[in-house]
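> Next one to model:
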Amino acid sequence: MLTLALLPVQIVALGLGHSVMRRLPRWWHRIMCRVLGLKVRTHGRLSEDRPLLLVSNHISWKDILVLGSVAELVFIAKSEVRTWPVLGWLARLQRSVFVERRRRNTGAQISEVSARLLSGEVVVLFAEGTTSDGNRVMPFNASLFGAASAAVPLAPDGRVHIQPVSIAYVGIHGMPMGRYHRPVAGWPGDVALGPHLLRVIRHGAIDVEVVFAEAIPFDAATDRKKTARLVEARVREGLIRALSGKLNG
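Residues are numbered from 1 along each chain as shown. Next up is the predicted model:
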């Protein structure tokens, strides 16, 4: 009901280019986290440097609600998401950038992402390219950092900032979440959305840790593959610390 009530407001804001189109999704994400029982706690802080690309691990569709509740963000999503029922509709309303895997469209897609970065928007990249089980971080795809490279020549100081972010689902009903309950948090691609959503609602009270590492400067001299490996290592470190209960504050 809330979504339907806010829908006309977001559509008008998008049509007018009003700043509400950026603020409203964050407000909606925060409310949806409460509705689903997602208790989000952050460690570290979003970098104030711009242009800023957030690079995160990816466990579930819930990651978007979790990160979206923390800051005003724009997400990069694979093109198939555009056609998904409900989620695709919501993704379009929050101005996600849809990317295709076909090489012939890569240039235009990179240009759109870099334009968003240069306009001051914070863009989120799930560099694994798919969801994981929440217990590990899979290898990052260095080619997905192309948007950062494209934005560098036009950036004010000739650099883009890349900030590693780790998402960890660590508890359920106030108790540590072991591997047995991890399927409640994770969403493998072969599991239907409807049943998984009902399972999340039925369990509720899921504790989520979001860990912000220090942003990494990225300029024309930076090696993209080395940067991808460095960011991957820092995201993995944050996940391991969160899952092992070694976070402070």
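> quick one: the residue nearest to Met138 when sequence neighbours are not counted from His43, how far?
Distances taken as Cβ to Cβ, 6 or more residues apart in numbering put Glu128 closest to Met138, at 4.5 Å, once the chain neighbours are dropped. Bear in mind the C-beta positions are built from the backbone N, C-alpha and C, glycine included. According to Cβ to Cβ, to the nearest Å, Glu128 and His43 sit 21 Å apart.
> cool, and Pro139?
For Pro139, the distance to His43 - Cβ to Cβ - is 24 Å.
> Same drill for these two, tell me which one is more crowded.
His43 (17 against 11; other Cβ atoms under 10 Å).
> For Val210, see how far away that one is.
7 Å.
> Equivalent analysis for Arg199, please.
On the measure of Cβ to Cβ, Arg199 and Val210 end up 22 Å apart.
> out of the two, which sits in the more crowded spot?
Neighbours per residue, other Cβ under 10 Å: of Arg199 and Val210, the larger number sits with Val210, 23 against 13.
> Give the phi and psi angles for that one, as a check.
phi -120, psi 120 (degrees, to the nearest 10).
> Go ahead and report the secondary structure state at the nearest residue to it once chain neighbours are set aside.
Leaving aside its sequence neighbours, Val210 sits nearest to Thr42 (Cβ to Cβ, 6+ apart; 4.7 Å). Secondary structure for Thr42, judged by DSSP: H, G, I helix; E, B strand; the rest coil, is strand.
> Who are the contact partners of Thr42?
Thr42 sits next to Val70, Glu209, Val210, Val211, Phe212 when contact means Cβ atoms under 8 Å, 6 or more residues apart in numbering.
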